[in-house]
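> here's a sequence, model it:
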Amino acid sequence: MFRRRRRDDEPENDLEPTDEETVADEEIDSDEPAVVTHGGPWDSEAESVPEMERVDFGAIQVPIGEGIEIQVNVEAVEQDAEGNPVGGRIVAITIVHGESGLQVQPFAAPKKNGIWDEVRKETADEIKQAEGETQEAEGPFGTELHGMVPVAIPEEMRDQVPADIAEQGFGWQPVRFIGVDGPRWFLRGVLSGAALEDSEQAAVMEQVFQQIVVARGDAPMPPRELLELTLPAEAQQAMAAEAEGEEGEDRPPLNPFERGPEITEVR
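Numbers count the residues shown, from 1 in each chain. Now for the predicted structure:
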């Protein structure tokens, strides 16, 4: 996971959309979206969305399958005794397959044009400021950003890494940013783990990303604002049952806010 940085390595972190652009997309002078995706990720209003089992998180519907684990990432407002978030809003969904992770976030975008080109440049600038490295590359969804970013090493892991890395307190983590502009939305994915080196793992995660459905909704929103992510109805019902003490005795407590692999900081 943690590496020494080589000059030919690629980088990571914090692709956070800025809030400088605050004009609601309804104010853009255009009747039709200029950017439309084909072959996925899919817009919920599209007629040709492939049928498959997906988990509904409100703004996005995530495909599931064998070996796929889905976790929610939250912006916590409080923590329990173990330091786990117990409240707050969902800010990202992380799909895990084997040793690979894919963190996804949907954002509002203008009608007239997409925002991936701008966001990609801003992300590269942020990584450079953190003394990381980036380079652009062409991938199955168009231009993407590969990076090598500094990541703090938890105290409990320092005896598992080389002494020089442990001493400096951080290592370099490779990541891969992918983005797709859709009609009035932008979907960002951040790949990490084995998928960065294993083509078969990469293909699995790319297919998951490709089959995500984005439900933009009709409400006016500033470009780059995170679309609302919610828990599936089943999870909400289970939480309510647990709160009322109605869950089965042999059923483990439900914690829908389990912290997943957080590839980027979301403020």
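
> when you work out contacts or count neighbours from here on, use the C-alpha atoms and nothing else.
Will do.

> isn't there a strand covering Pro223?
No - secondary structure assignment (DSSP: H, G, I helix; E, B strand; the rest coil) places Pro223 in coil, not in a strand.

> what distance do you get for it to Gln207?
Using Cα to Cα, to the nearest Å, one gets 27 Å for the distance from Pro223 to Gln207.

> the more surrounded of these two?
Neighbours of Pro223 and Gln207, each counted by other Cα atoms under 10 Å, are more numerous for Pro223; the result is 25 against 13.

> so that one makes contact with Ala108?
Yes - with contacts counted by Cα atoms under 8 Å, Pro223 reaches Ala108, the gap being 4.9 Å.

> now the lengthiest helix in the chain - C-alpha only, PDB.
Counting by DSSP state H, the longest helix found in the chain is helix 116-129. Output of helix 116-129 as PDB, limited to C-alpha atoms (Å, rounded to 0.1, in the frame of the first residue of the first chain):
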ATOM      1  CA  TRP A 116     -14.100  17.000 -15.500                       C
ATOM      2  CA  ASP A 117     -11.400  19.000 -17.400                       C
ATOM      3  CA  GLU A 118     -11.400  21.700 -14.800                       C
ATOM      4  CA  VAL A 119     -11.700  19.300 -11.800                       C
ATOM      5  CA  ARG A 120      -8.800  17.200 -13.200                       C
ATOM      6  CA  LYS A 121      -6.500  20.200 -13.400                       C
ATOM      7  CA  GLU A 122      -7.500  21.400 -10.000                       C
ATOM      8  CA  THR A 123      -6.800  18.000  -8.600                       C
ATOM      9  CA  ALA A 124      -3.400  17.800 -10.200                       C
ATOM     10  CA  ASP A 125      -2.600  21.300  -8.700                       C
ATOM     11  CA  GLU A 126      -3.700  20.200  -5.200                       C
ATOM     12  CA  ILE A 127      -1.500  17.000  -5.400                       C
ATOM     13  CA  LYS A 128       1.400  19.100  -6.600                       C
ATOM     14  CA  GLN A 129       1.000  21.400  -3.700                       C
END
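
> please begin residue numbering at 36 from this point
OK, 36 is where the count begins now, so the last one is helix 151-164.

> past it, which element shows up next along the chain?
strand 168-174 (DSSP states H and E).

> pull up the pairing partners for that following strand, direction included.
Here strand 168-174 has these sheet partners by DSSP bridges: strand 177-187 (antiparallel).

> so the partner strand versus helix 151-164, what angle?
Using axes from the mean of the first three to the mean of the last three Cα atoms, to 10 degrees, the direction of strand 177-187 lies 30 degrees away from that of helix 151-164.

> so what does the longest helix of the chain touch, helix or strand wise?
Helices and strands in packing contact with helix 151-164 are listed as strand 168-174, strand 177-187, strand 205-217; criterion 3 or more Cα pairs under 8 Å, 6 or more residues apart in numbering; DSSP states H and E.

> among these, show me which one is buried the most.
strand 205-217 (a mean of 25; mean count of other Cα atoms under 10 Å).

> that one: how far from the chain's middle?
Chain-centre distance of strand 205-217: 9 Å, with Cα atoms, centre = their mean, to the nearest Å.

> can you check stretch 128-148 too?
The offset between the C-alpha centroid of stretch 128-148 and the centroid of the whole chain comes to 4 Å, using Cα atoms, centre = their mean.
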